[in-house]
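Trainee: A structural model of the following input is requested.
(chains A and B)
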There are 2 protein chains.
Amino acid sequence: MDLQVAIDRVTLDKAIDLAKQLDTQVDVIEFGTSLIKDYGLEQIHAQLPKLQHAKLLLDLKTIDEGEYEFDKGFATGDILTAMGAASADTLTKVYALSQSRGKQLFIDMMEITADKTAQIVNHPAAIYGIHHAKDSKAGFDAAATVAAFHEDYPMVQHISVAGGIDLTMAQKLATQGIAESVIVGSAIVKTADPVAAAQKFMEVMHK
Amino acid sequence: MDLQVAIDRVTLDKAIDLAKQLDTQVDVIEFGTSLIKDYGLEQIHAQLPKLQHAKLLLDLKTIDEGEYEFDKGFATGDILTAMGAASADTLTKVYALSQSRGKQLFIDMMEITADKTAQIVNHPAAIYGIHHAKDSKAGFDAAATVAAFHEDYPMVQHISVAGGIDLTMAQKLATQGIAESVIVGSAIVKTADPVAAAQKFMEVMHK
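Mentor: Residues are numbered from 1 along each chain as shown, chains lettered A, B, ... in the order given. Model prediction:
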């Protein structure tokens, strides 16, 4: 299982510094929507050095004008996100563009109905990103969210999960073996030593 | 009826030049999503002089992290957009923040179901943006789209409409008297003389 670290709501200088530190430690570095809307793709492209090891995911959250945004985004990123809430036509176009560039589409499944989900799980190479919502009910955890999604949509080959993932849950998800990647934000980037925190996640995920 | 001019998919310099030219001519100047994602709010804020006459709408298309994005956006814009596809909770938060700042929320109704629409038409000061899709069926036009929306959701007080609006349709919408504003993009900004084109729209809308 891959570790994706989400960098968000910081200055661009801080984000670039974190990306450089984490490049050799994790599988995917995510630049969040806030970085894109605050600083813009042009500045990110100009200032972020090419990553040596990790892939770069840009959380564009594209919902319209898909080909324009993906053409711009792939000048910098390896993986770009679009909303499941976009039209099926927009998703088909950004999927085709991603495939033609040899890059990857990540579809954010936030706030969409089962009907809509059923219409858009037809892109085999896309990553489907599900959000685990924290809930106090006993037994309801991120691994259960992943298992339920996998049962409902067995045709989805690439599942990513986000939402309050800690070391214990990361290990549980790795053992479960369904999700392809797990997204961790503050539990790594808001710590005093993000590299050490990332190494701990990698350790529990790969033992 | 107000005229909103949408500036999109151009360089930031070009966008700023157009905004300066159109400021005294139109009611609302829109900086499109492409400008925000390409150049970022920080650069737009630093380089765009305060408009003297028109309001500035920033098409953020917020779908998550609403308070963060709206707090940043209102440093520059008078009206900010969020997606109707966002959670009802996100919309409630950005509506409250807009009200507390004395500014305005524009809700983009793209690609949402009637069920979802019914859940989010409860923000009386918000502008609800509907998109007219071009269609070859006789009699199906932007004015018909506006009339149908108004009939389905009579509680919505502020309606904006976009989608291939030309002079004839702008005049028809003004006469119809339901929509509060009309959004025009290429029919103004892609012409040789955008100021003259905007003046023609204002003329037919106010005669």
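Trainee: when you work out contacts or count neighbours from here on, use the C-alpha atoms and nothing else.
Mentor: Noted.
Trainee: quick one: the strands in chain A, in order.
Mentor: Under the criterion DSSP state E, chain A contains strands at A:2-7, A:28-31, A:55-62, A:79-83, A:104-108, A:127-131, A:158-162, A:181-184.
Trainee: restrict the longest one to CA atoms and write it as CSV.
Mentor: The one in question is strand A:55-62. C-alpha atoms of strand A:55-62 as CSV (Å, rounded to 0.1, in the frame of the first residue of the first chain):
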residue,chain,number,x,y,z
LYS,A,55,4.8,11.1,-7.6
LEU,A,56,3.2,14.5,-7.4
LEU,A,57,-0.6,14.7,-7.1
LEU,A,58,-2.2,18.1,-7.6
ASP,A,59,-5.6,18.3,-6.0
LEU,A,60,-7.3,20.3,-8.7
LYS,A,61,-10.8,19.2,-7.8
THR,A,62,-11.8,19.8,-11.4
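Trainee: now that strand: average pLDDT?
Mentor: Confidence over strand A:55-62 (mean pLDDT, whole number) is 98.
Trainee: partners of it in the sheet?
Mentor: strand A:28-31 (parallel), strand A:79-83 (parallel) (DSSP bridges).
Trainee: before we move on, back to that, make CSV out of the strands of chain A and add mean neighbour count.
Mentor: Listed next are the strands of chain A as CSV, based on neighbours: other C-alpha atoms under 10 Å in any protein chain shown:
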stretch, mean neighbour count
strand A:2-7, 24
strand A:28-31, 26
strand A:55-62, 24
strand A:79-83, 25
strand A:104-108, 25
strand A:127-131, 22
strand A:158-162, 21
strand A:181-184, 23
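Trainee: how about the ones you listed, which one is nearest B:Thr175?
Mentor: B:Thr175 sits nearest to strand A:55-62 of all these, at 35.5 Å, using C-alpha to C-alpha.
Trainee: distance from that closest one to the middle of the chain?
Mentor: 7 Å (C-alpha atoms, centre = their mean, to the nearest Å).
Trainee: can you list the residues of chain A near chain B?
Mentor: Contact residues (C-alpha under 8 Å from any C-alpha of the partner chain) of chain A with chain B: A:34, A:36-43, A:60, A:69, A:72, A:85-87, A:111.
Trainee: most neighbours out of the residues you listed, which is it?
Mentor: A:Ala85 (30 neighbours; other C-alpha atoms under 10 Å in any protein chain shown).
Trainee: what's that residue sitting at in phi/psi?
Mentor: phi -70, psi -10 (degrees, to the nearest 10).
Trainee: need the contact list for it.
Mentor: Contacts for A:Ala85 (C-alpha atoms under 8 Å, 6 or more residues apart in numbering or on different chains) come out as A:Ile63, A:Met109, A:Met110, A:Glu111, A:Ile112, A:Lys116, B:Ala85, B:Glu111.
Trainee: tell me the one of the residues you listed nearest B:Ala125?
Mentor: Closest to B:Ala125, out of all of those and judged by C-alpha to C-alpha, is B:Ala85, at 18.6 Å.
Trainee: residues contacting the residue nearest to A:Asp71 when sequence neighbours are not counted?
Mentor: Leaving aside its sequence neighbours, A:Asp71 sits nearest to A:Leu97 (C-alpha to C-alpha, 6 or more residues apart in numbering or on different chains; 7.9 Å). Residues in contact with A:Leu97 (C-alpha under 8 Å, 6+ apart) are A:Glu67, A:Phe70, A:Asp71.
Trainee: in helices only, show me the residues you listed.
Mentor: A:Glu67, A:Phe70, A:Asp71 (DSSP state H).
Trainee: could you report the neighbour count for the second one?
Mentor: Right, A:Phe70. A:Phe70 has 23 nearby residues by other C-alpha under 10 Å.
Trainee: please name the nearest non-neighbouring residue to it.
Mentor: Using C-alpha to C-alpha, 6+ apart, the nearest residue to A:Phe70 is A:Val94, at 6.7 Å.
Trainee: please apply the same query to A:Leu51.
Mentor: Spatial nearest neighbour of A:Leu51, chain neighbours left out: A:Asp23 (6.2 Å); criterion: C-alpha to C-alpha, 6+ apart.
Trainee: residue ranges with poor pLDDT in chain A?
Mentor: Chain A contains residues with pLDDT under 70 at A:134-140.
Trainee: again, only using 50
Mentor: Applying pLDDT under 50 to chain A picks out no residues at all.
Trainee: for it, which segments count as helices?
Mentor: Under DSSP H, chain A gives helices at A:12-22, A:33-39, A:41-47, A:66-73, A:88-101, A:114-120, A:142-152, A:167-176, A:186-189, A:194-206.
Trainee: need the winner for burial among those.
Mentor: Of all the helices of chain A, helix A:33-39 has the most neighbours on average by mean count of other C-alpha atoms under 10 Å in any protein chain shown, namely a mean of 23.
Trainee: residues contacting the residue nearest to A:Leu51?
Mentor: A:Ile29, A:Leu51, A:Gln52, A:His53, A:Ala54.
Trainee: one more: A:Thr33?
Mentor: If you count contacts by C-alpha under 8 Å, 6+ apart, then A:Thr33 has A:Asp8, A:Leu58, A:Asp59, A:Leu60, A:Lys61 around it.
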